[in-house]
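1. got a structure for you, letters missing:
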Ligand SMILES: NC(=O)C1=CN([C@@H]2O[C@H](COP(=O)(O)OP(=O)(O)OC[C@H]3O[C@@H](n4cnc5c(N)ncnc54)[C@H](OP(=O)(O)O)[C@@H]3O)[C@@H](O)[C@H]2O)C=CC1
Ligand SMILES: CC(=O)N[C@@H](CCC(=O)OP(=O)(O)O)C(=O)O
């Protein structure tokens, strides 16, 4: 058994980590932090954990967290940058769910996140935690930067096309839609029930902070000599709690081929990517509370366009489930340990 700590245990990704880790066969949840609720039993805030987890929230304290084998940061951007170095120094392995270490260029990070990077010296150590691309490096890493929710769904939809140089990389498009839990638990008028429950809108269409992260991942997958991947990315807010649906569009180069078969071959050994039969339309409810990404590929007849749809749960494969998957890889556990549950339907 390893001891795990969670910094930011009261938020949406924090409680999703708790849900997954309390039934993980190799993990004891040893510390769960909250500055606002320190001293309160975790199960008082989350009654679904009554009788399952008997510890209290604590203040984030590096000395106490350093007793853990792994610490998850489920905190807003900027927090891991300041609190993580004390743990890295002491040999603790860290899985960061925030965007702090996802982008390799500190200046680019500062530009999109509106603040200077607080710990540029650790960026080079961080491994981008998309197992479908970086499994071997994740296994060796001390610091894993989990991908964002939109970047997970979008990259899994487009990577096979770019890895095989099958599409024009300079005109990629992704329309994405997320449930409201993607915005986190902190109170904001824009996320009130009456503001979101009966409406649908795009946001950040001129440039969302996930764009540089997605383009970095897509460019890493390209072979040398190709024009760098450029994406038009438009996120939308869906009137539901959890789930992401991405529809990606690209222009095919070369002769037509069976792209569903190509995607199925690419992901055949992946425990958490399911390529659906051609003509399917993946539904967010088919992945709700599960770590699965479901993908379908459409080739409209007589066109040189390919459309790829992908769905994930933003809190599971888009955040905490992928964080647990990364921990499993880092510690040599079965990659699916604690993650086998099927989706909640309907
Ligand atoms: N929601 C989602 O779908 C996804 C979120 N993420 C990322 O994961 C991270 C967490 O997101 P989410 O759970 O939604 O956020 P929430 O706002 O729901 O929760 C944030 C948590 O961090 C704690 N916290 C805030 N400031 C500090 C601080 N300075 N030091 C220590 N703890 C702090 C809060 O507790 P307290 O204030 O009591 O200490 C709270 O528990 C974010 O970086 C987010 O962008 C990634 C993928 C998807
Ligand atoms: C609906 C909503 O607001 N979604 C968030 C993205 C989700 C998220 O938390 O982003 P990270 O994965 O980078 O942490 C947003 O658009 O900023």
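-> Looks like it came in fine. What you see is a predicted model, and the numbers here were worked out from it, not measured in a lab. Ligands and ions are numbered 1, 2, ... in the order given.

2. Stretch 89-107 vs ligand 2: in contact?
-> Yes: counting by C-beta under 6 Å from any ligand atom, contacts between stretch 89-107 and ligand 2 involve 98, 99. Where C-beta positions appear, they are placed from N, C-alpha and C, glycine not excepted.

3. Buried ones in that stretch, by neighbour count?
-> Buried residues in stretch 89-107, counting neighbours by 16 or more other C-beta atoms under 10 Å, are found at 92-104.

4. Residue 113 against residue 209, yeah?
-> Yes: between residue 113 and residue 209 there is a contact under C-beta atoms under 8 Å: 6.4 Å.

5. Need the overlap of contacts for these two.
-> residue 99 (C-beta atoms under 8 Å, 6 or more residues apart in numbering).

6. so how far is stretch 79-87 off the chain centroid?
-> Computed by C-alpha atoms, centre = their mean, to the nearest Å, the chain-centroid distance of stretch 79-87 equals 20 Å.

7. let's have the chain start at 12 instead
-> Okay, using 12 as the starting number, the last item reads as stretch 90-98.

8. Include pLDDT and secondary structure when you put the buried residues of stretch 100-118 into TSV, please.
-> Output for the buried residues of stretch 100-118, formatted as TSV (pLDDT from 0 to 100; DSSP: H, G, I helix; E, B strand; the rest coil):
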residue	pLDDT	secondary structure
103	98	coil
104	98	strand
105	98	strand
106	98	strand
107	98	strand
108	98	coil
109	98	coil
110	98	coil
111	98	coil
112	98	coil
113	98	coil
114	98	coil
115	97	coil
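
9. I'd assumed residue 337 was in contact with residue 155.
-> Yes: when contacts are counted by C-beta under 8 Å, residue 155 is listed as touching residue 337 (4.8 Å).

10. Tell me the residues that contact both of the two, please.
-> 106, 140, 149.

11. How about residue 163, nearest residue that isn't a chain neighbour?
-> Residue nearest to residue 163 in three dimensions, not counting chain neighbours: residue 329, with 5.3 Å by C-beta to C-beta, 6 or more residues apart in numbering.

12. wait, that neighbour sits on residue 164?
-> Yes: between residue 329 and residue 164 a contact is recorded at 6.8 Å, counting by C-beta under 8 Å.

13. what touches both of those two?
-> 255, 323.

14. returning to what we had before: mind checking the backbone torsions on the residue nearest to residue 163?
-> phi -80, psi -10 (degrees, to the nearest 10).

15. thinking again about what came up before, which single one of the buried residues of stretch 100-118 is nearest to ligand 1?
-> residue 109 (3.1 Å; C-beta to the nearest ligand atom).

16. surely the closest one meets residue 91?
-> Yes: with contacts defined as C-beta under 8 Å, residue 109 counts as touching residue 91 at a distance of 5.4 Å.

17. Mutual contacts of those two, please.
-> Common neighbours of residue 109 and residue 91 (C-beta under 8 Å, 6+ apart) are residue 84.

18. what's the burial count for residue 14?
-> 16 (other C-beta atoms under 10 Å).

19. Quick check: phi and psi on it?
-> Torsion angles, degrees, to the nearest 10, at residue 14: phi -100, psi 130.

20. which residues does it form a beta bridge with?
-> residue 39 (DSSP bridges).

21. Please report how far it lies from ligand 1.
-> Separation of residue 14 from ligand 1 (C-beta to the nearest ligand atom, to the nearest Å) stands at 19 Å.

22. ok, now which ones touch that residue?
-> 38, 39, 41, 42, 78, 79, 80, 81.

23. List just the nearest of these to ligand 2.
-> Checking the contacts of residue 14 against ligand 2 by C-beta to the nearest ligand atom gives residue 81 as the nearest, at 19.3 Å.

24. residue contacts, that closest one?
-> Counting by C-beta under 8 Å, 6+ apart, residue 81 makes contact with 13, 14, 15, 16, 103, 104, 105, 106, 338, 341, 342.

25. Next, give phi and psi for it.
-> Per-residue torsions, residue 81: phi -140, psi 140 (degrees, to the nearest 10).

26. Pull up the per-residue confidence for it.
-> pLDDT for residue 81: 98.

27. Just list whatever residues bridge to it.
-> Under the criterion DSSP bridges, residue 81 forms beta bridges with residue 15, residue 104.

28. where does the stretch 212-357 of the chain have low pLDDT?
-> Scanning the stretch 212-357 of the chain for pLDDT under 70 picks out nothing.

29. can you list the residues of it near ligand 2?
-> Where the stretch 212-357 of the chain comes near ligand 2, counting by C-beta under 6 Å from any ligand atom, the residues are 221, 246, 248.

30. Helices - which of the residues you listed land there?
-> Under the assignment DSSP state H, these contribute residue 221 to helices.

31. For the residues of the stretch 212-357 of the chain next to ligand 2, give me a markdown table that also has neighbour count and distance to residue 347.
-> Below are those laid out as a markdown table (neighbours: other C-beta atoms under 10 Å; distance: C-beta to C-beta, whole Å):
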| residue | neighbour count | distance to residue 347 |
| --- | --- | --- |
| 221 | 24 | 27 |
| 246 | 23 | 29 |
| 248 | 20 | 31 |
